[in-house]
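Asker: Predicted model and sequence below, questions to follow.
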Amino acid sequence: MAWGLRPRVAYHDTYWTASEEDRREYDAFGPWIYTVKAERDMPKRFRAAYDETRDSRFLLKIPRDVERRQAAPGWDLYVAVLAVYDRGLSVIRMTPEGYSTQHLVWADVVALKSYINLLIGRWTLLLRDGTAFTIDYNAVSSDLMDEVTSFVRSRWQRPAEAQAGSGPDVVTVSDHFFRYELNAKRRSGPKPVVPIHFEPRDLACRDERNRRRKSTGVMFLDTPDELIIINRDTPTRRFWETRYASYAIFVPYARLTAYRLIPPPPEHPGRFHELVLRLDRQLIRQACLVVPEQVLMQLMTHGVPEDAEMV
């Protein structure tokens with residue numbers, strides 16, 4: 001063999017040797033969630049379950065967290081399929097043996113949490129038994145997941161009160177982020193949304209270890225059926241830290257079983273109150289720099305009892 005020459009290696013292009021169906025799925029693959037509109041859109045691993053999903057309102061396939069250039073036609077490119085029905089939902093997840101299916105009815109769901117941190121999205125249903133149902137996704141699909149959120153919220157709303165008002169705004173929302181969230185929640189449904197408690201960001205405060213920090217802010221919204229909490233994930237930040245994460249937590253008043261406001265230690269000014277909401281075996285905790293009086297009033301108006309022993 002001449003110097004510098006190597007034996008010829010057969011070249012195989014995995015793209016062109018793949019089936020037309022695999023190439024089509026690969027060409028469409030990306031970080032976004034796709035709507036399954038026909039059986040051919042269903043990932044092959046889950047296709048046997050397609051007939052069970054025909055009456056779903058939403059049928060979504062959730063992609064793997066992998067870049068397309070690192071994948072190839074014929075791979076399992078989707079880790080789960082989410083089917084949302086009038087009666088509940090099902091998630092079909094990939095397993096080494098094939099797939100498994102988890103079913104929920106809306107009576108099991110006590111609250112919904114939607115988390116965004118730049119391109120990281122997390123959609124969580126809190127269940128009455130204390131567990132949670134979570135879908136992780138790329139935030140480029142936030143608009144689609146917001147539609148699913150609106151549908152889930154409609155399952156616990158009372159149609160007879162669809163036009164019932166919650167009164168005028170109780171507080172003025174001055175922060176740009178919280179004002180955007182307020183407007184978005186008002187656009188997402190037919191029922192009135194009223195801000196009843198607002199704490200702007202960057203107030204001087206102390207964290208749980210009594211270190212000096214800045215607050216990240218919080219907003220409570222009232223609707224005829226829900227209490228909505230908007231926060232920035234953690235209540236405090238360091239002075240030079242930038243906060244991008246946010247939570248929207250939708251809590252139906254009808255699912256609340258108790259609440260308690262835990263005051264901060266009197267010897268540590270600048271520490272947070274903690275509002276604890278109980279929904280059967282589920283607990284939601286929200287830090288408040290000042291007493292959320294209007295929130296407490298709404299909880300009492302909806303007949304939610306106070307539990308002084310809850311921790």
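Answerer: Received it, and whenever you're ready, just let me know what you need.

Asker: Do a quick rundown of the strands in the stretch 151-300 of the chain.
Answerer: Using DSSP state E, counting those that start in this stretch, the strands found in the stretch 151-300 of the chain span residues 194-199, 204-206, 212-215, 218-222, 226-231, 236-237, 246-252, 258-262, 273-279, 282-288.

Asker: Residues contacting the first one, please?
Answerer: Right, the one you point to is strand 194-199. Outside strand 194-199, the residues that touch it by C-beta atoms under 8 Å, 6 or more residues apart in numbering are 166-175, 178, 182, 215, 217-223, 288-290, 292-295, 298. For glycine as for every other residue, the C-beta is placed from the backbone atoms N, C-alpha and C.

Asker: Any idea which of the strands of the stretch 151-300 of the chain gets closest to Leu119?
Answerer: Comparing these by their distance to Leu119 (C-beta to C-beta), the top pick is strand 246-252, with 13.4 Å.

Asker: in the stretch 51-200 of the chain, what spans have low per-residue confidence?
Answerer: Within the stretch 51-200 of the chain, the ranges that satisfy pLDDT under 70 run 158-168.

Asker: again, only using 50
Answerer: The stretch 51-200 of the chain contains residues with pLDDT under 50 at 162-165.

Asker: just checking, what's the longest helix in this structure?
Answerer: As assigned by DSSP state H, the longest helix anywhere in the chain is helix 142-155.

Asker: Do I have it right that Thr223 meets Arg186?
Answerer: No: in this structure, Thr223 is not within contact of Arg186 by C-beta atoms under 8 Å, at 9.7 Å.

Asker: can you list residues touching both of those two?
Answerer: The contact sets of Thr223 and Arg186 overlap at Pro192, Val193 (C-beta under 8 Å, 6+ apart).

Asker: More neighbours: the two, which one.
Answerer: Legend: neighbour count by other C-beta atoms under 10 Å for Thr223 and Arg186, higher for Thr223 (22 against 15).

Asker: which residues touch that one?
Answerer: Residues near Thr223 by C-beta under 8 Å, 6+ apart: Ser166, Gly189, Lys191, Pro192, Val193, Val194.

Asker: Quick check: closest non-adjacent residue to the second one.
Answerer: Residue nearest to Gly189 in three dimensions, not counting chain neighbours: Ser150, with 6.1 Å by C-beta to C-beta, 6 or more residues apart in numbering.
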